[in-house]
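[1] next comes the sequence, and after it the predicted model I'd like to discuss.
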Amino acid sequence: MSFLSLKNLNKQFGDFTAVRDMTLSIEKGEFVSLLGPSGCGKTTTLQMIAGLLEPTSGQILLDGRDISHTPPNKRGLGIVFQSYALFPHMSALDNVAFGLEMRGVGKAERQDRARKALEQVKLGQFMHRFPKEMSGGQRQRVALARALVIEPPVLLLDEPLSNLDAKLREDMRLELRLLQQEIGVTTILVTHDQEEALSMSDRIVVMKEGEMEQIAAPLDLYERPVSPFVSDFVGKTNLFNAEIIDADHVKVAEHILLLPGHGMVTGASMQLSIRPEKFALSPQGDGDEVQVEAAIFHGANWLYRVRGAMGELFVTQPNTGAPGFARGQTARLTWPDGALSMFAEAS
């Protein structure tokens, strides 16, 4: 039996359906991310799990117990909000201990557990500081410690890293994931940041317009998307509309591609996707001739916009230390077999 189960979960606001027939099983200790654009239903789903919203229909089961209509304070779940929601007049120690106080834990025990929780998130030396005296990353850790100190069966994270700067956000992803693995707490993260989901999750649930579009491990999701939406939303990609020429060939713009085993009838439409990093650019040799229209240096890699027989393409190449291709330069473009993802319908 799964540790946390959502069964045919629905949420309506008047005539608007925010979440539709969501069924999901999460194992104990698993880290699952709900990923999608604004308005896709991911936060609504998290709020129903937390008890902050009542489901219109369906069930939420925690360790076999139906908690669909249990008040939030009776569920015992840990929640970290985007705003952190710390008490400004309390020290970090008192903020973390507050939840234990509300549960009737004695002062000595709650102070001891709060200290240990702050040490766990590497803030032991800052326990007497107030939120205004702490950085964004430190406040985020206080909020995390406050959620973990009650030893929740499930930790719910509502875009907890979105207020941090890029470098700190990247560091906190690693620290949060390592901490979650060390503690073993079942965790659900809501995010619109695909890099965040890919780097932290055991599985990712991609949501679109209130429904689950795909559930998969990060590598499977990235390499084998089930739809153009997933392919485009999870990482960068190049999407092409294609026409089936015969059993082995498709036409993209003015270019004929060899694509054996596509399984579609002649004259049908399909859509193809290929990640920018799957391409290889060479100054000469085999491959399609393209012209470099833009070259952007990102440090670890180069991003190129090129144009050829298939139209405009984006290409990512690793930085080897040598100069990259220049704007206006002609190059040869190749890609390995199996790099193209195929979708039955062109959008």
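    That came through fine. Numbers count the residues shown, from 1 in each chain.

[2] for K167, which three-state class applies?
    Per DSSP: H, G, I helix; E, B strand; the rest coil, the secondary structure class of K167 is helix.

[3] quick check: pLDDT value at it.
    For K167, the model assigns a pLDDT of 85.

[4] show me the shaky parts of this protein.
    Counting by pLDDT under 70, the ranges of the chain that qualify are 1, 345-347.

[5] so what are the domain limits for it?
    The record's domain parsing of the chain by automatic domain parsing lists 4-227, 236-343.

[6] redo those as a markdown table? Include mean neighbour count.
    No exception for glycine: its C-beta is placed from N, CA and C like everyone else's. Listed next are those as a markdown table, based on neighbours: other C-beta atoms under 10 Å:
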| stretch | mean neighbour count |
| --- | --- |
| domain 4-227 | 18 |
| domain 236-343 | 15 |
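
[7] quick one: residues contacting V190.
    If a contact means C-beta atoms under 8 Å, 6 or more residues apart in numbering, then V190 has 33-34, 42-43, 45-46, 156-159 as its contacts.

[8] in the sheet, who's paired with it?
    Listed by DSSP bridges, the beta-bridge partners for V190 are L34, D158.

[9] what's the spacing between it and R139?
    V190 is 19 Å from R139, where distance means C-beta to C-beta, to the nearest Å.

[10] spell out the secondary structure type for the residue nearest to the spatial centre of the chain.
    Nearest residue to the geometric centre of the chain (C-alpha atoms, centre = their mean): A197, 2.5 Å. Assigned state for A197: helix (three-state reduction, three-state DSSP).

[11] was I right to think it contacts G36?
    No. Using C-beta atoms under 8 Å, A197 and G36 do not qualify as a contacting pair, with a distance of 9.6 Å.

[12] in what helix or strand does L176 lie?
    helix 166-183 (DSSP states H and E).

[13] tell me what that helix is packed against?
    Using 3 or more C-beta pairs under 8 Å, 6 or more residues apart in numbering; DSSP states H and E as the contact definition, the elements that helix 166-183 packs against are strand 31-35, helix 136-148, helix 194-200.

[14] which one of the contacts of V190 is nearest K74?
    Sorting the contacts of V190 by distance to K74 puts L156 at the head of the list, at 15.2 Å, by C-beta to C-beta.

[15] work out the gap between whatever helix or strand the closest one lives in and the centre of the chain.
    Using DSSP H and E, L156 sits within strand 154-158. In terms of C-alpha atoms, centre = their mean, to the nearest Å, the gap separating the centre of strand 154-158 from the centre of its chain is 14 Å.

[16] quick one, phi psi at V149?
    V149 has phi and psi values of phi -60, psi -30 when expressed as degrees, to the nearest 10.

[17] so it touches A97, yeah?
    Yes. With contacts defined as C-beta under 8 Å, V149 counts as touching A97 at a distance of 7.4 Å.

[18] can you pull out the helices in the stretch 151-300 of the chain?
    166-183, 194-200, 218-223, 228-233 (DSSP state H, counting those that start in this stretch).

[19] export those to a markdown table and tack on distance to W302?
    Formatted as a markdown table, those follow (distance: least, C-beta to C-beta, whole Å):
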| stretch | distance to W302 |
| --- | --- |
| helix 166-183 | 19 |
| helix 194-200 | 19 |
| helix 218-223 | 20 |
| helix 228-233 | 22 |
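
[20] residue contacts, the nearest residue to S199 once chain neighbours are set aside?
    Counting by C-beta to C-beta, 6 or more residues apart in numbering, S199 lies nearest to R173, which is 5.3 Å off, once chain neighbours are set aside. When the contact criterion is C-beta under 8 Å, 6+ apart, the partners of R173 are 161, 196, 199-200.

[21] from those residues, which is closest to V306?
    The shortest separation between V306 and any of the contacts of R173 is 28.3 Å, and it belongs to S199 (by C-beta to C-beta).
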